[in-house]
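Asks: No sequence on hand, only this structure:
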């Protein structure tokens, strides 16, 4: 059987990029083939991948990939009864997958992860990664980054920010059960072309909210200028600072975490952030102090204890740096 495309909402594939479509414009697409080379090419195109390689498995080869949803969130299913490997390039989408059969191992700049049974897992965002898949059947939820981060503001203070997950975390049984319930309830609404846009949006939002309960995460306030493929290593450096600001870290530690030489890190930070690594770390720590003071009880919270928790030992220099950054003394922040 040759490769086939089966559109559900029109006579031909939609050639527009996702950001050229209205957020609530429904699309359902499907591809299938029993030719492994055609299937590999189709998947490489659909996933915007590169260097895909495939080989047959023990069973007769079959391939199917289907997607339904809109620009905010799409539900996808895939069957590929051969072995597949390749590279997925940089993307701002948040993607959660699970395997009914088979498995995948993913190598990314900060580690490796392997799927376990049918347990859902997240693939890294805003970085390229390589993968090796056995013959498999799997499900995918692909979520637009801006939509995901906007929903996540319900859980954290401040504007929409990048969400960094702990990819190695093992979800609890309670969280997994809630995920399955939400996915089961939301799927018919999302994949039905007759669903009103507001109802689809509500179902998509429920999926994002539940996903935020499945895996540990933190919001990282990094500038948009760092959220590009070209600046991904500098973004890793910034994320390392946010993750370990309460520990004794140095410029060399930050550079190592990002896979950069210390001098290169200094140059990149000066170019893109107008700051040295040590100054950036100090600003993050000052921001954390301010957050704790705003949330603190004026009757029991001590400025010195909060400052010390974030690495400030000299109270005179700390107060001067705080005043320069926020235009008020720490005690005034606590008193408000």
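Replies: Perfect, I can see it now. Predicted model, so just to flag it, every value in this text is computed and none were measured. Numbers count the residues shown, from 1 in each chain.

Asks: before we move on, what SS does residue 275 have?
Replies: Counting by DSSP: H, G, I helix; E, B strand; the rest coil, the backbone at residue 275 sits in coil.

Asks: what number of residues lie near it?
Replies: Number of residues near residue 275 (other CB atoms under 10 Å) recorded here: 14. C-beta: built from backbone N, CA, C; applies to glycine.

Asks: Now it: phi and psi?
Replies: Dihedral angles of residue 275 (phi, psi; degrees, to the nearest 10) stand at phi -150, psi 150.

Asks: now residue 324
Replies: With angles defined as degrees, to the nearest 10, residue 324 sits at phi -70, psi -30.

Asks: Could you give the number of residues near it?
Replies: 9.

Asks: quick one: it and residue 94, what's the gap?
Replies: Here the criterion is CB to CB, to the nearest Å. By it, residue 324 lies 36 Å from residue 94.

Asks: Next, residue 39: secondary structure please.
Replies: What three-state DSSP gives for residue 39 is helix.

Asks: show me where this structure has strands.
Replies: Remark: strands assigned in the chain by DSSP state E are 4-5, 27-33, 50-56, 63-69, 73-80, 82-88, 94-101, 104-108, 111-114, 121-123, 129-133, 136-143, 162-165, 217-220.

Asks: So what touches stretch 257-265?
Replies: With CB atoms under 8 Å, 6 or more residues apart in numbering as the test, stretch 257-265 has contacts from 109-110, 233-234, 236-237, 240, 251-252, 254-255, 268, 277.

Asks: try 6 Å
Replies: For stretch 257-265, the surrounding residues in contact (CB atoms under 6 Å, 6 or more residues apart in numbering) are 233, 236-237, 240, 251-252, 255, 277.

Asks: try stretch 90-109
Replies: Here stretch 90-109 makes contact (CB under 6 Å, 6+ apart) with 113-115, 118, 120, 122-143, 145, 148, 229.

Asks: Arrange the strands of the chain in a markdown table, one row each, with distance to residue 210, mean neighbour count and mean pLDDT as further columns.
Replies: A markdown table is the format used below for the strands of the chain (distance: least, CB to CB, whole Å; neighbours: other CB atoms under 10 Å; pLDDT from 0 to 100):
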| stretch | distance to residue 210 | mean neighbour count | mean pLDDT |
| --- | --- | --- | --- |
| strand 4-5 | 32 | 12 | 40 |
| strand 27-33 | 23 | 19 | 93 |
| strand 50-56 | 32 | 14 | 95 |
| strand 63-69 | 16 | 20 | 95 |
| strand 73-80 | 12 | 21 | 96 |
| strand 82-88 | 24 | 19 | 96 |
| strand 94-101 | 10 | 18 | 96 |
| strand 104-108 | 22 | 17 | 94 |
| strand 111-114 | 21 | 13 | 91 |
| strand 121-123 | 13 | 22 | 94 |
| strand 129-133 | 24 | 18 | 95 |
| strand 136-143 | 10 | 20 | 96 |
| strand 162-165 | 14 | 21 | 93 |
| strand 217-220 | 13 | 17 | 92 |
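
Asks: Kindly reformat those strands as TSV containing distance to residue 311.
Replies: As requested, the strands of the chain are exported to TSV (distance: least, CB to CB, whole Å):
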stretch	distance to residue 311
strand 4-5	57
strand 27-33	50
strand 50-56	42
strand 63-69	45
strand 73-80	40
strand 82-88	37
strand 94-101	32
strand 104-108	29
strand 111-114	27
strand 121-123	31
strand 129-133	33
strand 136-143	35
strand 162-165	21
strand 217-220	18
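
Asks: In this structure residue 42 contacts residue 31, no?
Replies: Yes. In this structure, residue 42 is within contact of residue 31 by CB atoms under 6 Å, at 4.9 Å.

Asks: What residues sit buried inside stretch 278-298?
Replies: 280-290, 292-293, 296 (16 or more other CB atoms under 10 Å).

Asks: Pick out the lowest-pLDDT one from those residues.
Replies: Within the set of the buried residues of stretch 278-298, pLDDT is lowest for residue 296 (90).

Asks: how close does that one get to residue 113?
Replies: 38 Å.
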